[in-house]
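**Q** Got a predicted structure plus its sequence, pasted below:
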Amino acid sequence: MASHTAPESSTVSAISEDFVARAPFSREFRELVIGAAGVPLTIHHPINNAVKGSVVLVPGWSGPRSGPADILVYLASQLASNGYRAVRLDLPGRGDAPGAFVDCDLDKMIEATVKTIQEFQLNGRCTLVGMCSGGNVSLGAAPLLMEASPRVDVRVLALSTLPFQPARSKSFENRRRWKNIKQYAAKAFSPRTWLRVLKGEVNLDRVKKNVTGSEKPGGGERNLKDSARNIERELIGWKEKGLFIWGGGDEEATLARAHFEKLHGQGMAAQDQATFHTIDGANHNFYAKAWREDIARRMLAFVG
């Protein structure tokens with residue numbers, strides 16, 4: 001198999017399936033490969049190859065495997081520096097992965113994630129770290145992984161994860177709409193925003209839907225974020241360790257946390273090993289260094 005040194009930013013869209021790129025770092029080395037699911041993976045290896053376990057990090061709905069402001073790169077590096085093999089994947093139709101964005105729904109994302117974590121499973125334990133919709137993907141993968149291998153311990157760390165589509169109430173949608181309005185209003189004062197509008201780079205129909213309507217599809221439309229499964233019902237049978245983290249500055253966090261705590265009360269996750277935490281002041285993507293360090297500390301304690 002051919003190999004050569006390449007920077008983290010290497011693309012894989014035109015690379016053969018046997019492509020491998022390796023890059024050394026101070027306490028880890030990174031490897032870029034095409035995984036069993038046919039999507040590109042960046043693997044963070046501990047520098048001494050003494051691997052305690054493997055963790056798969058799942059990005060949000062539209063983001064690449066780096067996550068917003070490279071948060072998943074940071075968390076993967078923390079894992080590798082502490083002896084874990086961390087695997088970041090691009091979901092189908094996102095980042096460098098093949099496929100069209102509009103052809104990939106939640107179930108296809110779950111399928112790619114299940115294949116990836118089965119590829120790197122070690123010592124009977126699977127750990128997933130999901131960012132936003134990546135948390136929904138991770139939670140959706142957990143029952144499938146346990147069904148395939150009943151003795152496997154499937155742990156999920158969900159960051160800024162919202163309720164699954166069927167469970168999103170009217171009050172939740174109203175709060176999301178108000179959040180979108182404020183974000184678009186702030187962007188309206190930027191000349192760069194108007195330049196993008198003039199260039200046709202802004203989906204105005206999507207903006208209109210975000211500030212006036214619902215995420216639920218209209219007649220004849222398909223909601224790609226919904227699943228053909230009843231995942232929340234399946235999660236009542238998932239009895240493993242879970243960690244849910246939100247930012248206190250995220251307007252959707254309060255309702256989201258209450259929803260997952262209610263599911264926990266109904267039987268989701270191990271009763272004595274499910275933790276729900278809100279980081280004071282943090283936004284949805286945890287941009288501040290202190291917020292990310294807080295997540296990393298909790299993550300390392302969780303996977304240990």
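**A** Structure received. Numbering: from 1, shown residues only.

**Q** Now do stretch 54-73: distance from first to last residue.
**A** Length of stretch 54-73, first residue to last, Cα to Cα, to the nearest Å: 15 Å.

**Q** and it, how far from the chain's centre?
**A** Stretch 54-73 sits 6 Å away from the centroid of its parent chain (Cα atoms, centre = their mean, to the nearest Å).

**Q** Repeat that for stretch 269-276.
**A** With Cα atoms, centre = their mean, you get 20 Å for stretch 269-276.

**Q** contacting residues around the spatially most central residue of the chain?
**A** Central residue of the chain (Cα atoms, centre = their mean): G134, 2.5 Å from the mean position. Going by Cβ atoms under 8 Å, 6 or more residues apart in numbering, G134 touches 57-60, 159, 161. Every residue, glycine included, has its C-beta placed from N, CA and C.

**Q** Just the pLDDT for it.
**A** Among the per-residue scores, G134 shows a pLDDT of 98.

**Q** give me the element it is part of.
**A** Element membership for G134, per DSSP states H and E: helix 133-148.

**Q** what's the next secondary structure element after that helix?
**A** Scanning forward in sequence from helix 133-148 by DSSP H and E, the next helix or strand is strand 153-159.

**Q** Show the average pLDDT along stretch 26-34.
**A** On average, stretch 26-34 scores 88.

**Q** Just the CA atoms of that stretch, as PDB, please.
**A** Only the C-alpha atoms of stretch 26-34 are listed here, as PDB (Å, rounded to 0.1, in the frame of the first residue of the first chain):
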ATOM      1  CA  SER A  26       4.200  15.800  18.900                       C
ATOM      2  CA  ARG A  27       2.100  13.200  20.800                       C
ATOM      3  CA  GLU A  28       0.300  11.400  18.000                       C
ATOM      4  CA  PHE A  29       0.400  10.600  14.300                       C
ATOM      5  CA  ARG A  30      -2.500  11.000  11.900                       C
ATOM      6  CA  GLU A  31      -3.500   8.800   9.100                       C
ATOM      7  CA  LEU A  32      -5.900   9.500   6.300                       C
ATOM      8  CA  VAL A  33      -7.600   6.500   4.800                       C
ATOM      9  CA  ILE A  34     -10.800   5.400   3.100                       C
END
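
**Q** now the helix holding G134: how far from the chain's centre is it?
**A** 11 Å.

**Q** before we move on, what about stretch 111-130?
**A** For stretch 111-130, the distance to the chain centre is 13 Å (Cα atoms, centre = their mean).

**Q** gap between the residue with the largest distance to the centre of the chain and S190?
**A** Relative to the centre of the chain, the most outlying C-alpha is that of L198, 32.0 Å out, by Cα atoms, centre = their mean. Distance of L198 to S190, computed by Cβ to Cβ, to the nearest Å: 13 Å.

**Q** Kindly report the same for I110.
**A** Distance from I110 to S190, counting by Cβ to Cβ: 36 Å.

**Q** what about those two, which has more around it?
**A** I110 (24 against 10; other Cβ atoms under 10 Å).

**Q** For the more buried one, list the residues it contacts.
**A** With Cβ under 8 Å, 6+ apart, I110 has these contacts: 137, 140-141, 144, 227.

**Q** If we use 6 Å, what do you get?
**A** Residues near I110 by Cβ atoms under 6 Å, 6 or more residues apart in numbering: 137, 140-141.

**Q** Tell me the buried residues within the residues you listed.
**A** 137, 140-141 (16 or more other Cβ atoms under 10 Å).

**Q** Adding distance to A86 and pLDDT, write those out as JSON lines.
**A** As requested, those are exported to JSON lines (distance: Cβ to Cβ, whole Å; pLDDT from 0 to 100):
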{"residue": "V137", "distance to A86": "17", "pLDDT": "98"}
{"residue": "G140", "distance to A86": "21", "pLDDT": "97"}
{"residue": "A141", "distance to A86": "17", "pLDDT": "96"}
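
**Q** now, among those residues, which is nearest to K262?
**A** G140 (18.2 Å; Cβ to Cβ).

**Q** Now do the helices in the protein.
**A** According to DSSP state H, the chain carries its helices in the segments 71-81, 106-119, 133-148, 170-187, 191-198, 204-212, 231-235, 253-266, 289-303.

**Q** Pull out the buried residues from the shortest one.
**A** Right, the one you point to is helix 231-235. Buried, per 16+ other Cβ under 10 Å, within helix 231-235: 231-232, 234-235.

**Q** number of nearby residues for F25?
**A** Other residues within reach of F25, judged by other Cβ under 10 Å, total 14.
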